[in-house]
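Participant: only the shape, not the letters, is given here:
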């Protein structure tokens, strides 16, 4: 099962944000130290808190690490073609622009959900109110359309059921008439099988002889 990526965003609560910063900072410093010791790597880590307080770690001289980093960047850029450098720069600008748009969309979504409205002006609140009203009208129109479609389907089902009932009644009537016809035929046959008596001779001495049709 593939899990979707969780969208990270800025923590709004100041206290929670500060607690999270302290925990993540300490964890990051610890990982940097472990990496330098276990792997014999040259590590330099610089962190500025939201209040511009500096936290840093370096496995050797921080100044030397920074100079080495700058030299590496210059050497790397000197080896790359100018076109590739421009492409990378454009890609960075596009990425930064997309990140800013995402942040603006997230902020707008939170405001529409009724969160973080403290910094909104009266015009912005009125604009959001009109936007929500338009959205509600669209939702209501769609809901009525769904209702009408469901009613039409129910009407069609009623018609189908009525047709089936008529067909069942016709079958029952036809079956009843056939049963009556069979009953009359059976009764006639039974009457024809009844014995009749034939009398022969004078009344004083006549004898009965059975006779069947």
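Facilitator: Received it, and whenever you're ready, just let me know what you need. Quick caveat, the model's predicted, so the values are computed rather than measured.

Participant: just give me how far the biggest helix by length in the chain sits from the chain centre.
Facilitator: When the chain is parsed with DSSP state H, its longest helix is helix 122-192. Centroid displacement of helix 122-192 relative to its chain, using Cα atoms, centre = their mean, to the nearest Å, is 30 Å.

Participant: phi, psi of residue 115?
Facilitator: Dihedral angles of residue 115 (phi, psi; degrees, to the nearest 10) stand at phi -110, psi 150.

Participant: residues in contact with it?
Facilitator: Residues in contact with residue 115 (Cβ atoms under 8 Å, 6 or more residues apart in numbering) are residue 12. Yep, even glycine has a C-beta here, placed from its N, CA and C like the rest.

Participant: for the longest helix of the chain, name the packing helices and strands.
Facilitator: Identification of packing neighbours for helix 122-192 by 3 or more Cβ pairs under 8 Å, 6 or more residues apart in numbering; DSSP states H and E yields helix 82-112.

Participant: elements contacting the helix it packs on?
Facilitator: Against helix 82-112 (3+ Cβ pairs under 8 Å, 6+ apart) you get helix 122-192.

Participant: so the helix it packs on versus helix 82-112, what angle?
Facilitator: 70 degrees (axes from the mean of the first three to the mean of the last three Cα atoms, to 10 degrees).

Participant: oh, and call the first residue 17 from now on, that's how I've got it
Facilitator: Okay, using 17 as the starting number, the last item reads as helix 138-208.

Participant: what mean pLDDT does helix 138-208 get?
Facilitator: Here helix 138-208 scores 82 as its mean pLDDT.

Participant: swap in stretch 49-63?
Facilitator: pLDDT averaged over stretch 49-63 gives 92.

Participant: same deal with stretch 104-117?
Facilitator: 86.

Participant: for residue 162, see how far away residue 156 is.
Facilitator: Distance from residue 156 to residue 162, counting by Cβ to Cβ, to the nearest Å: 11 Å.

Participant: read off the pLDDT value for residue 101.
Facilitator: pLDDT, residue 101: 65.

Participant: same check on residue 222?
Facilitator: 51.

Participant: now residue 88
Facilitator: 84.

Participant: counting contacts, what elements does the helix or strand where it lies pack onto?
Facilitator: Here residue 88 is covered by helix 78-95, with elements defined by DSSP states H and E. Judged by 3+ Cβ pairs under 8 Å, 6+ apart, helix 78-95 is in contact with strand 60-64.

Participant: give the buried residues for whichever helix or strand comes after the strand it packs on.
Facilitator: Next helix or strand after strand 60-64 toward the C-terminus (DSSP H and E): strand 70-74. For strand 70-74, the buried set under the neighbour-count rule, 16 or more other Cβ atoms under 10 Å, comprises 73, 74.
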